[in-house]
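Novice: model this:
(one chain, ligands or ions: 1)
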Amino acid sequence: MALIKVDNLSRSFSYYKKETGLKGSIRNMFKRERLVKEAVKNISFQIDEGEIVGFLGPNGAGKTTTLKMLSGILYPTSGSATIGAYIPWERKKAFKKNFSIIMGQKNQLWWDLPANESLYLNKCIYEINDKDYKEIINELADLMDVQDKLKVQVRRLSLGERMKMEIMAALIHKPKILFLDEPTIGLDIISQKKIREFLKRYNEAYKTTIILTSHYMNDIEDLCKRAIIINQGNITFDGQLSTVNDVFGSKKMIKLLLSESVDRASLEQYGDIKEYDGYKVIIEVDKEHMKAHSKSILDRLPVIDFNMEDIPIEEGIRLLYHHGDTLEKGKEGV
Ligand SMILES: Nc1ncnc2c1ncn2[C@@H]1O[C@H](COP(=O)(O)OP(=O)(O)OP(=O)(O)O)[C@@H](O)[C@H]1O
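Specialist: Take a look at the predicted model:
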């Protein structure tokens, strides 16, 4: 059943162009040019209870603006959204008790206090009783392996430990909906993996609905079955992650290992060269020319190893970022 329903949601920002230099500043005092940025344009989607959905797009695509509207931090310019029985920007207390947003680039913990003091503050804000608070703190600290860090001043924690505390602070009221905006940004690979494992287990245990934005493809592939891709405020893909490649089913990758160096120009006839060092080459080839090109490569080039693969999901998503067509509402794939 759909828990999050977004219907033709838009958000524009108006701002004034600022001229540089002294002359520009003086000119600005008398005449200012007003500009409008349409950050999110008529987007629609639905998300079921318990789903983890990857919300992807290049920088400036409109991801954070959408999450801010769904969290009630921003009013939309037009359109509607409901989360369960609530309209987020009405900011009803019961809604606030049901959701949490974690922004990897922003802290909610007090820098100079130990993490458990900030956690206690959240306990009071969310009106959690002592017994439930003790239980959830123990459970979360165990799951994230930070029992011994709870009394350490936040400024003395490593980036990974701090992020775990941020996640704990966001989860102590057991929200039903969780918005994660770049939760693993800047973390090393092992810490990223630990946080992903935690989120997976947490989602399984509590059936929390999660929208996740991340520029790390491992986060998305590990956690999400479905991806919504947004670019320049428009949704360009909404479907199963496994079908991303079907959109570009007309392309394949040929990976070659050569015994002698071959110059780049003589490989370009086969397709787009994705990687090249003379001996190791990856070429993106049109499927319709696959057979003829494969034969020609094997006949003419000093091939030691030849592999044919689908384009990697990361590449598929990158291509989808720039795929212009907006999806019709509810349609899966492009
Ligand atoms: N307050 C604002 N005033 C003017 N423009 C804004 C404002 N907030 C966001 N924008 C613009 O709206 C667009 C979408 O921004 P948003 O932060 O939603 O992108 P994003 O997809 O989260 O990007 P990133 O991956 O870089 O965080 C950007 O072009 C941004 O400059």
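
Novice: show me where this protein has strands.
Specialist: Secondary structure of the chain (DSSP state E): strands at 2-16, 34-48, 52-56, 78-83, 99-103, 177-181, 209-213, 226-231, 234-240, 251-258, 272-276, 280-286, 303-309.

Novice: hang on, isn't Thr184 packed against Met163?
Specialist: Yes. Shown here, Thr184 and Met163 form a contact pair, counting by Cβ atoms under 8 Å, at 7.4 Å. Yep, even glycine has a C-beta here, placed from its N, CA and C like the rest.

Novice: what sits in contact with each of those two?
Specialist: When contacts are counted by Cβ atoms under 8 Å, 6 or more residues apart in numbering, Thr184 and Met163 have 104, 191, 195 as shared neighbours.

Novice: got a winner among those for most neighbours?
Specialist: Neighbours were tallied for each of those (criterion: other Cβ atoms under 10 Å), and the maximum of 22 neighbours falls on Ile195.

Novice: nearest spatial neighbour of it, chain-adjacent residues omitted?
Specialist: Excluding its sequence neighbours, the residue lying closest to Ile195 (Cβ to Cβ, 6 or more residues apart in numbering) is Thr184, at 5.5 Å.

Novice: check Trp110 too.
Specialist: Closest residue to Trp110 in three dimensions, ignoring its sequence neighbours and counting by Cβ to Cβ, 6+ apart: Ser118, at 5.0 Å.

Novice: distance of that neighbour from the ligand?
Specialist: To the ligand, Ser118 is 25 Å away according to Cβ to the nearest ligand atom, to the nearest Å.

Novice: about what we covered before: what residues does the residue nearest to Ile195 make contact with?
Specialist: Taking Cβ under 8 Å, 6+ apart as the definition, contacts of Thr184 comprise 104, 163, 191-192, 195-196, 214, 216, 219.

Novice: quick check, pLDDT for it.
Specialist: pLDDT, Thr184: 85.

Novice: list the helices and strands the lengthiest helix in the chain packs on?
Specialist: Longest helix in the chain, counting residues (DSSP state H): helix 189-206. Other helices and strands packing on helix 189-206, by 3 or more Cβ pairs under 8 Å, 6 or more residues apart in numbering; DSSP states H and E, are helix 130-144, helix 159-171, strand 209-213, helix 217-223.
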